[in-house]
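S.K.: Here is my input, please return the structure:
(2 chains)
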Protein chains: 2
Amino acid sequence: MPDGTRRPGRPRAGDRPGDARQRLIAAARRRFATDGYDRASLRAIAAEAGLDASLIRHYFGDKAGLLVASMQLPVNPVEILRTVIASGPDGLGRRLVEAFLASWDPHREVIAGLVRTTFADAAVVPPTLQVVRGVVVASLRGVLTGKDAELRAELIAGQLLGLAMLRYVRPLEPLASAPRARVADWYAPAVQRLITPS
Amino acid sequence: MPDGTRRPGRPRAGDRPGDARQRLIAAARRRFATDGYDRASLRAIAAEAGLDASLIRHYFGDKAGLLVASMQLPVNPVEILRTVIASGPDGLGRRLVEAFLASWDPHREVIAGLVRTTFADAAVVPPTLQVVRGVVVASLRGVLTGKDAELRAELIAGQLLGLAMLRYVRPLEPLASAPRARVADWYAPAVQRLITPS
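M.R.: As a prediction, this is how the structure comes out:
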């Protein structure tokens, strides 16, 4: 049967298991670049890959997961945040700061480049900003109780971003070289203040 | 007497009072651009302006004050920080966040441009970063007591920077449009945690 006539959603006969995933990632890159993250629909991405949209949920969980996968980051913020948040709001400030530093200290150039790109061009909304909003803010908001959860989640994202700026992008000493535990000792309570304000 | 032979430090006969100040600013811009902020000496700047170095202290207080003046910012962070810090560490988090928002909310495009420039080019150390280090961090460090004052001052600078990123440079809602008092209500305690950690 010619390729063009087969029904979408079925892996091709010769496909290895990873092929559908790679085709979805390739289609997502094209659609995110063309339509932007918000307007690109999972249906359109799946159609472009010649696959069923349910496979996106299967492989990536949701649209944000697909976005993160399409960026080929050295760490997966979706998985890290899921782990860190799973234990609830108590001590989350500490776990968050420690996980952030443990993730990015070994990849300083990568995150420096990402932050630079994110804030360099005012006209384009870059994928990293979508990760901040769709992954970091969204995950944090889910674990915050009380008033202004979205605002507080954004302020926490701002705290992590500011930390990245002065530790990785424009390193200031002693912050850039301080041991992770010492940074966490000071910064975690400041982050926790937005998680459990009482 | 020909211009080239007169002694430096004396205002020229026809100078209005502001002229010496303007000549120092012009010389500072050239020397900061050529030598960088750290290596440019006050003596060299004064000499280039044909004036005595003591006039820099008279007009600008110190090198950081001269830098800020040379940037023609719509607000003067040196003066704002001096006022905010003068009342001591109690409640400083609130005064800092409120002054930051009151200063920059009316000049969103200016600070967005400054932050973008600061973090766009890895090779150049831009004047804004010198302001962060030489004005913001230095002023805060002066008012912090206890351990790791420099590290904590940098983390506070990071908090303000992160706030600027998501309120001005890459506006996320609701943070970008939230009333200043509401932002301060949440963020001030998180900043205060680094000022008086107990």
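S.K.: Show the contacting residues for the residue minimising distance to the centre of chain A.
M.R.: Chain A has A:Val131 as the residue nearest its centroid, 4.0 Å off, counting by CA atoms, centre = their mean. By CB atoms under 8 Å, 6 or more residues apart in numbering or on different chains, the residues touching A:Val131 are A:64, A:67-68, A:71, A:77. C-betas here are computed from N, CA, C, even on glycine.
S.K.: Please indicate which of those residues are buried?
M.R.: With burial judged by 16 or more other CB atoms under 10 Å in any protein chain shown, the buried subset of the contacts of A:Val131 is A:64, A:67-68, A:71, A:77.
S.K.: How much space separates the closest residue to A:Arg43 other than its chain neighbours from A:Ser87?
M.R.: Distances taken as CB to CB, 6 or more residues apart in numbering or on different chains place A:Ala53 nearest to A:Arg43, at 5.1 Å, with adjacent residues excluded. Applying CB to CB, to the nearest Å, the value for A:Ala53 to A:Ser87 is 32 Å.
S.K.: more neighbours, the two?
M.R.: Higher neighbour count among A:Ala53 and A:Ser87: A:Ala53, with 18 against 11, using other CB atoms under 10 Å in any protein chain shown.
S.K.: What pLDDT does the model give the more buried one?
M.R.: Per-residue confidence at A:Ala53 stands at 93 (pLDDT).
S.K.: From chain B, how far out is it?
M.R.: 28 Å (CB to the nearest CB, to the nearest Å).
S.K.: Report the contact partners of that residue.
M.R.: Per CB under 8 Å, 6+ apart, neighbours of A:Ala53: A:42-43, A:45-46.
S.K.: immediately after the worst-scoring helix or strand of chain A on mean pLDDT, which helix or strand?
M.R.: Across the helices and strands of chain A, mean pLDDT, DSSP states H and E gives its lowest value to helix A:127-131, namely a mean of 78. Next helix or strand after helix A:127-131 toward the C-terminus (DSSP states H and E): helix A:138-143.
S.K.: List the buried residues of that next one.
M.R.: Those buried within helix A:138-143 under the rule 16+ other CB under 10 Å are A:138-141, A:143.
S.K.: what does it contact?
M.R.: By CB under 8 Å, 6+ apart, helix A:138-143 touches A:64, A:78, A:81-82, A:85, A:88-89, A:92, A:149-150, A:152-153, A:156-157, A:195.
S.K.: Taking chain A, what residue is nearest to chain B?
M.R.: A:Gly162 (2.9 Å; CB to the nearest CB).
S.K.: what about that residue, which SS state?
M.R.: Under DSSP: H, G, I helix; E, B strand; the rest coil, the three-state class of A:Gly162 is helix.
S.K.: Next, count neighbours for the closest residue in space to it that isn't next to it in sequence.
M.R.: Of all residues not flanking A:Gly162 in the chain, B:Gly162 sits nearest, at 2.9 Å (CB to CB, 6+ apart). Residues near B:Gly162, counting by other CB under 10 Å, number 24.
S.K.: does B:Gly162 really touch A:Gln159, like I thought?
M.R.: Yes. Contact criterion CB atoms under 8 Å: B:Gly162 and A:Gln159 qualify, at 5.4 Å.
S.K.: hang on, the earlier thing: which of the contacts of A:Ala53 are buried?
M.R.: Applying 16+ other CB under 10 Å to the contacts of A:Ala53 flags A:42, A:45-46 as buried.
S.K.: any chance of the residues you listed in TSV, plus secondary structure, distance to B:Val191 and pLDDT?
M.R.: Output for these, formatted as TSV (DSSP: H, G, I helix; E, B strand; the rest coil; distance: CB to CB, whole Å; pLDDT from 0 to 100):
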residue	secondary structure	distance to B:Val191	pLDDT
A:Leu42	helix	40	94
A:Ile45	helix	41	95
A:Ala46	helix	45	95
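S.K.: now, which of those residues sits nearest B:Tyr187?
M.R.: A:Leu42 (35.3 Å; CB to CB).
S.K.: what about A:Ala178, is that helix, strand or coil?
M.R.: Three-state call for A:Ala178 (three-state DSSP): coil.
S.K.: Next, the contact list for A:Arg133, please.
M.R.: So A:Arg133 contacts B:Leu172 (CB under 8 Å, 6+ apart).
S.K.: gap between it and B:Trp104?
M.R.: Applying CB to CB to A:Arg133 and B:Trp104 gives a distance of 21 Å.
S.K.: can you check A:Gly18 too?
M.R.: 48 Å.
S.K.: So these two - more neighbours on which side?
M.R.: It is B:Trp104, of A:Gly18 and B:Trp104, that has more neighbours when counted by other CB under 10 Å, with 22 against 9.
S.K.: Compute the distance from the centre of whichever helix or strand the more buried one is part of to the centre of its chain.
M.R.: Assessed by DSSP H and E, B:Trp104 sits inside helix B:92-104. Helix B:92-104 has its average C-alpha position 14 Å from the chain's average C-alpha position, going by CA atoms, centre = their mean, to the nearest Å.
S.K.: How about stretch A:183-198?
M.R.: That offset, for stretch A:183-198, works out to 21 Å (CA atoms, centre = their mean).
S.K.: does any bit of that stretch sit next to chain B?
M.R.: Yes. Residues of stretch A:183-198 are located near chain B by CB under 8 Å from any CB of the partner chain, namely A:183, A:186-187, A:189-191, A:193-194, A:197.
S.K.: List the buried residues in that stretch.
M.R.: A:183-195.
S.K.: May I see the buried residues of the lengthiest helix in chain A?
M.R.: Counting residues, the longest helix in chain A under DSSP state H turns out to be helix A:17-35. Buried residues in helix A:17-35, counted by 16+ other CB under 10 Å: A:20-21, A:23-25, A:27-29, A:31-32.
S.K.: Just send the residues you listed back as a markdown table, with distance to chain B too.
M.R.: Putting the buried residues of helix A:17-35 into a markdown table (distance: CB to the nearest CB, whole Å) gives the following:
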| residue | distance to chain B |
| --- | --- |
| A:Ala20 | 33 |
| A:Arg21 | 30 |
| A:Arg23 | 31 |
| A:Leu24 | 27 |
| A:Ile25 | 25 |
| A:Ala27 | 26 |
| A:Ala28 | 22 |
| A:Arg29 | 21 |
| A:Arg31 | 22 |
| A:Phe32 | 17 |
